[in-house]
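below are the sequence and a predicted model; questions follow.
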Amino acid sequence: MSKLNALRNKSSLIEKDYEHALRDKKRNEDRLNLLKQRIEDIKEEDFESLKKDLQGKVDIIINEIGDVEKKLRDTLKNISAYHTRGNNAVEIKNKIKNLEECPTCYQPVKHEYKERIFKEQDETILKVEAEIKKLNSIEKEYNELLSGNKEQIERLRKELSKIDTKKVRYENFLIMKKEIGEIENQLSGIEKNISKTLSEMEGTKKEVGLFAGLEEEYKKIKGEFENFSREEREIEIRKSGIDEKINFTNEMINNIDVEIKNLEQVEIKLQKLKEIETWLDKHFINLMGIIEKNIMNKLHSEFEDLFKKWFDIIIGNENLKVWLDDEFTPVISQEGFEMDYIDLSGGEKTAVALAYRLSLNQVLNNLVGEVKTRDLLILDEPTDGFSSEQLDRVRLVLDELDMRQIIIVSHEDKIESFVDNVLRFRKINGVSEVS
């Protein structure tokens, strides 16, 4: 009888353990439902394909921006060139407006000649204004296109960031989903085993008075129950580990939310930088164009004055005049008529080249103050084709330059008369010697 009472007590304990297992099951089910609610809005997508498509669009727009920026720079250069051309036309009109006598031939300037010049320059000015208007329209279109492309890039980059966030959440979702499935399977197995044990125990209670081997059967059932309990504890341990992983995943999600907020702050800063960039595009570049134009006009004027000065000293012919066009190319006229460089005599060509090189040397020395060779000038055959009178004028040029050292390579004997030192080179048996 004592054994039967002990069996009943053990059966009661098994029932209490079963109720405890049911409570644990209910707690796990609540936890699983909560996890499912947190991941129900997450779905599978081809994240790599989406990123690849968006990145391809970004690369295409970046290439388009590079092309448009290059075209915009070219357009701004053309606008500056046309402004210079228009200003030159106005300057020509102003010079000839009050001109009554030709400074070269001292003959009266006819009204018909002035009218013809005015008409040519007015046509030039009209053409320049039309081209500038057209180029300004093109510049506006390019700026609008650049602004649109940059806004589109910002939008695409935001979409890329969202895809990365979705990908991380989906990977965490897969991990949780797998672990949730394992817990559900294990709890289902425990429930079946406990139910089976209770069923066996009920049958045992009914057969207590009929079977003598009840104690042995009880021990067997108890052993199975203990095994089930041990399995349950092992599952609880695994569940605890899974809960830690879930907490870690939640912490990662919180960190991602913080990172998103930081990225939003970066976006605000980028917007400010974009406003600065817009100011640079609309105002600073135009200001630089005006400054560049003024500097080039000053350089052109200085270069042209020096070019005329040295040419007049070297050539000594009032009927032969030179100046520079907008592209810094020498223009030669004789008695008021322009002529090609190829039509000049050998000495005149050399005079043009020497005057141009001397002017360029002085302009560069004046423009760049750090030039260490500003007091040194080297001339290689500068008097080719010069007459004796022109050689004398070269001496005036050298005196006018007033430089510390001038090195001249020449075959003219007369050059020796106005230099301080002479080095002669001659070749003997294929070897050059200096004397």
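Structure received. Residues are numbered from 1 along each chain as shown.

please, where are all the strands along this structure?
320-324, 330-334, 337-339, 376-380, 405-409, 425-428, 431-434 (DSSP state E).

out of these, which gets nearest to Ser387?
strand 320-324 (13.8 Å; C-beta to C-beta). In short, each C-beta sits where N, CA and C put it, glycine included.

follow-up on the earlier one: what's the most buried one of the strands of the chain?
strand 320-324 (a mean of 18; mean count of other C-beta atoms under 10 Å).

any weak-confidence spans in the stretch 101-250 of the chain?
Low-confidence segments of the stretch 101-250 of the chain, defined by pLDDT under 70: 106, 198, 201, 204-215, 218.

same thing but at 50, please
Counting by pLDDT under 50, the stretch 101-250 of the chain contains no low-confidence range.

for it, just list every one of the helices.
For the stretch 101-250 of the chain, the helices defined by DSSP state H, counting those that start in this stretch cover 111-206, 214-279.

can you lay out the strands of the chain as TSV showing distance to Asn250 and mean pLDDT?
Output for those, formatted as TSV (distance: least, C-beta to C-beta, whole Å; pLDDT from 0 to 100):
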stretch	distance to Asn250	mean pLDDT
strand 320-324	76	93
strand 330-334	80	92
strand 337-339	85	90
strand 376-380	77	89
strand 405-409	82	90
strand 425-428	90	86
strand 431-434	88	86
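
any chance of the ones you listed in a markdown table, plus distance to Asn88?
Listed next are the strands of the chain as a markdown table, based on distance: least, C-beta to C-beta, whole Å:
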| stretch | distance to Asn88 |
| --- | --- |
| strand 320-324 | 11 |
| strand 330-334 | 12 |
| strand 337-339 | 15 |
| strand 376-380 | 31 |
| strand 405-409 | 35 |
| strand 425-428 | 47 |
| strand 431-434 | 50 |
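
before we move on, the earlier item: want to throw the helices of the stretch 101-250 of the chain into a markdown table with distance to Phe386 and mean neighbour count?
Listed next are the helices of the stretch 101-250 of the chain as a markdown table, based on distance: least, C-beta to C-beta, whole Å; neighbours: other C-beta atoms under 10 Å:
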| stretch | distance to Phe386 | mean neighbour count |
| --- | --- | --- |
| helix 111-206 | 35 | 15 |
| helix 214-279 | 57 | 13 |
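
mind putting those in JSON lines, distance to Ala351 included?
Shown next, in JSON lines, are the helices of the stretch 101-250 of the chain (distance: least, C-beta to C-beta, whole Å):
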{"stretch": "helix 111-206", "distance to Ala351": "28"}
{"stretch": "helix 214-279", "distance to Ala351": "51"}
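
wait, isn't Ile332 in contact with Ser345?
No - the pair Ile332 and Ser345 fails to qualify as a contact (C-beta atoms under 8 Å) at a distance of 11.5 Å.

one step back: for Lys349, find the nearest of the helices of the stretch 101-250 of the chain.
That would be helix 111-206 among those, by C-beta to C-beta, at 28.5 Å.

for Ile408, which non-adjacent residue is closest in space?
Leu379 (5.0 Å; C-beta to C-beta, 6 or more residues apart in numbering).

correct me, but that neighbour touches Val409?
Yes - using C-beta under 8 Å, Leu379 makes contact with Val409 at a distance of 7.0 Å.

residue contacts, the residue nearest to Arg85 when sequence neighbours are not counted?
Once flanking residues are discounted, Arg85 sits nearest to Val128: 5.4 Å by C-beta to C-beta, 6+ apart. Residues near Val128 by C-beta atoms under 8 Å, 6 or more residues apart in numbering: Tyr82, His83, Arg85, Gly86, Ala89.
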